[in-house]
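[1] give me coordinates for this.
(one chain, ligands or ions: 1)
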Amino acid sequence: MKRRRIKKQVYVVGIILLLVIVLSIFGIRYLLYRGTNEYKLKKIGYQPEEISIIETLEPDQIQTILDKEYNVTIPKLLKEKYFIFQNLDRYLTYYNDHKDDDLTHVVSIVNVGADHEYYDKDMVVKTKTDLKNEYLILVNKFHYLDQNFAPSDIVAVRNWYAYGENEIRKEVYEQFRSMFNAAAEEDLKLIITSSYRDYEFQDTLWNNYANSKGEEWADSVAARPGYSEHQTGLSLDIVTDGEGSSMDSFDQTDEFKWLSKNAHKYGFILRYPEGKEDITGYSYESWHYRYVGVETATKIHDLGITFDEYYAYYQNEIEA
Ligand SMILES: [Zn+2]
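    Predicted structure coming up:
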């Protein structure tokens with residue numbers, strides 16, 4: 001009798017112990033799960049596919065998203081090729097004001113700073129042109145050069161290659177001549193019509209325009225002093241002779257077609273392409289070429305992006 005009762009008690013205690021252990025395991029697992037980002041993101045409202053995209057971020061970046069309300073646009077932005085996390089809030093703000101825009105365009109606009117007004121003072125203070133990487137200097141409506149900036153190795157261009165007097169940086173001149181010779185082999189003629197301009201030249205030019213027809217008009221036809229890429233000594237305006245000697249008709253010429261296919265092999269890019277006006281801040285200029293070196297020019301050409309976009313995504317990342 002006694003032995004049987006003890007046996008029964010051991011049996012009951014055993015079952016209780018087993019239950020406690022099983023429940024503890026589930027309880028602990030549940031508590032641990034509640035601490036995961038997956039659980040927290042789900043609780044805010046993110047769906048499993050959205051969560052797996054967000055979970056590719058760094059822990060502090062995930063926390064930034066956890067601190068916000070559910071936003072259907074965030075996971076979509078994360079899938080954009082040129083997404084930069086530190087720009088997240090600006091993408092969301094810009095998209096909120098431009099709902100019809102596609103996100104690829106939103107990312108480009110914000111990356112280059114074009115969600116600000118041109119020459120925006122706050123923006124400009126932060127974005128003085130970085131001179132460290134001399135052939136990759138960025139000059140646009142948000143990145144400027146000092147009044148006393150002048151490239152050190154400016155050389156004169158022979159009349160053979162140019163209309164009027166022209167000067168340009170040494171390496172740019174060497175690469176232009178190689179490009180000129182390659183084009184000449186196909187009976188094409190590349191002629192430099194404008195090149196290095198110093199600060200004073202641009203200052204006089206812009207102020208003359210502003211005095212005659214106002215600042216707004218001056219901004220529409222010329223860069224403000226310090227904001228012209230021609231001050232870098234890395235920019236060339238290229239035309240040809242005959243019909244193609246005017247800038248406006250240059251994109252109808254065989255020379256232009258040749259440059260579109262070959263300029264990058266000599267380190268040049270078309271700086272203000274058609275359809276990218278809101279990214280570059282400039283009207284389409286089929287004649288304006290910028291030297292960035294062969295490697296970068298090839299990359300920009302192959303990716304099909306502007307120098308502004310390239311700089312924001314690749315150059316800033318390298319320096320960060
Ligand atoms: Zn130009």
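[2] any idea which element the residue in the chain that the ion sits nearest to lies in?
    Ranking the residues of the chain by distance to the ion (CB to the ion) places H288 first, at 3.7 Å. For the C-beta atoms, the positions are set from N, CA and C on the backbone; glycine is no exception. Take DSSP states H and E as the rule and H288 turns out to sit in strand 285-291.
[3] show me what that strand is packed against.
    Packed against strand 285-291 by the contact rule (3 or more CB pairs under 8 Å, 6 or more residues apart in numbering; DSSP states H and E) you find helix 170-184, strand 235-239, strand 268-272.
[4] tilt between that strand and helix 170-184?
    Angle between the axes of strand 285-291 and helix 170-184 is 130 degrees (criterion: axes from the mean of the first three to the mean of the last three CA atoms, to 10 degrees).
[5] for the stretch 151-300 of the chain, what lies in contact range of the ion?
    By CB under 5 Å from the ion, the residues of the stretch 151-300 of the chain that approach the ion are 237, 288.
[6] quick one, helices of the stretch 201-320 of the chain?
    Along the stretch 201-320 of the chain, the segments classed as helices by DSSP state H, counting those that start in this stretch run 215-221, 254-262, 277-280, 294-303, 307-310, 316-319.
[7] got it, and the stretch 1-150 of the chain?
    Counting by DSSP H, counting those that start in this stretch, the segments of the stretch 1-150 of the chain that form helices are 2-34, 37-44, 48-54, 59-66, 73-78, 88-97, 103-111, 121-126.
[8] how far away from the center of its chain is the first one?
    Once both centres are worked out by CA atoms, centre = their mean, to the nearest Å, helix 2-34 turns out to sit 61 Å from its chain's centre.
[9] re the thing from before, take the helices of the stretch 201-320 of the chain and write them to CSV, including mean neighbour count and mean pLDDT.
    Listed next are the helices of the stretch 201-320 of the chain as CSV, based on neighbours: other CB atoms under 10 Å; pLDDT from 0 to 100:
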stretch, mean neighbour count, mean pLDDT
helix 215-221, 13, 88
helix 254-262, 17, 97
helix 277-280, 17, 95
helix 294-303, 16, 98
helix 307-310, 24, 96
helix 316-319, 10, 58
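[10] now those helices as CSV including distance to R169?
    Listed next are the helices of the stretch 201-320 of the chain as CSV, based on distance: least, CB to CB, whole Å:
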stretch, distance to R169
helix 215-221, 25
helix 254-262, 19
helix 277-280, 22
helix 294-303, 15
helix 307-310, 16
helix 316-319, 22
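[11] residues contacting K99?
    Contact analysis of K99 by CB atoms under 8 Å, 6 or more residues apart in numbering lists nothing.
[12] okay, domains of this protein per the record?
    Here the domain parsing of the chain from automatic domain parsing is 1-34, 44-111, 121-319.
[13] and these, which is most packed in?
    domain 121-319 (a mean of 17; mean count of other CB atoms under 10 Å).
[14] state the distance from V172 to E165.
    16 Å (CB to CB, to the nearest Å).
[15] contacts only, for H143.
    127-129, 227.
[16] tell me the pLDDT at it?
    The model reports H143 with a pLDDT of 92.
[17] and what of N133?
    N133 is given a pLDDT of 85.
[18] so what's it up against?
    Contacts of N133 by CB under 8 Å, 6+ apart are Q315.
[19] cool, I44 as well?
    Shown in contact with I44 (CB under 8 Å, 6+ apart): 66, 69-70.
[20] re the thing from before, parallel or antiparallel, which strands does the strand holding H288 pair with?
    Here strand 285-291 is paired, per DSSP bridges, with strand 235-239 (antiparallel), strand 268-272 (antiparallel).
[21] distance between it and the chain's centre?
    Counting by CA atoms, centre = their mean, strand 285-291 is centred 18 Å from the centre of its parent chain.
[22] what angle sits between it and helix 294-303?
    Using the same axes, to 10 degrees: strand 285-291 against helix 294-303 is 140 degrees.
[23] quick one: strand 285-291 to helix 254-262, angle?
    Using the same axes, to 10 degrees, strand 285-291 lies at 40 degrees relative to helix 254-262.
[24] residues contacting strand 285-291, please?
    So strand 285-291 is contacted by 135, 169, 171-172, 175, 193, 229, 234-239, 247, 250-251, 256, 259, 263, 267-272, 274, 297, 307 (CB under 8 Å, 6+ apart).
[25] got the CA coordinates for it in PDB?
    C-alpha atoms of strand 285-291 as PDB (Å, rounded to 0.1, in the frame of the first residue of the first chain):
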ATOM      1  CA  GLU A 285      24.900  71.100 -72.700                       C
ATOM      2  CA  SER A 286      26.100  68.800 -75.400                       C
ATOM      3  CA  TRP A 287      29.400  70.700 -75.600                       C
ATOM      4  CA  HIS A 288      30.500  70.800 -71.900                       C
ATOM      5  CA  TYR A 289      32.900  68.000 -71.000                       C
ATOM      6  CA  ARG A 290      34.500  67.400 -67.600                       C
ATOM      7  CA  TYR A 291      37.800  65.600 -67.000                       C
END
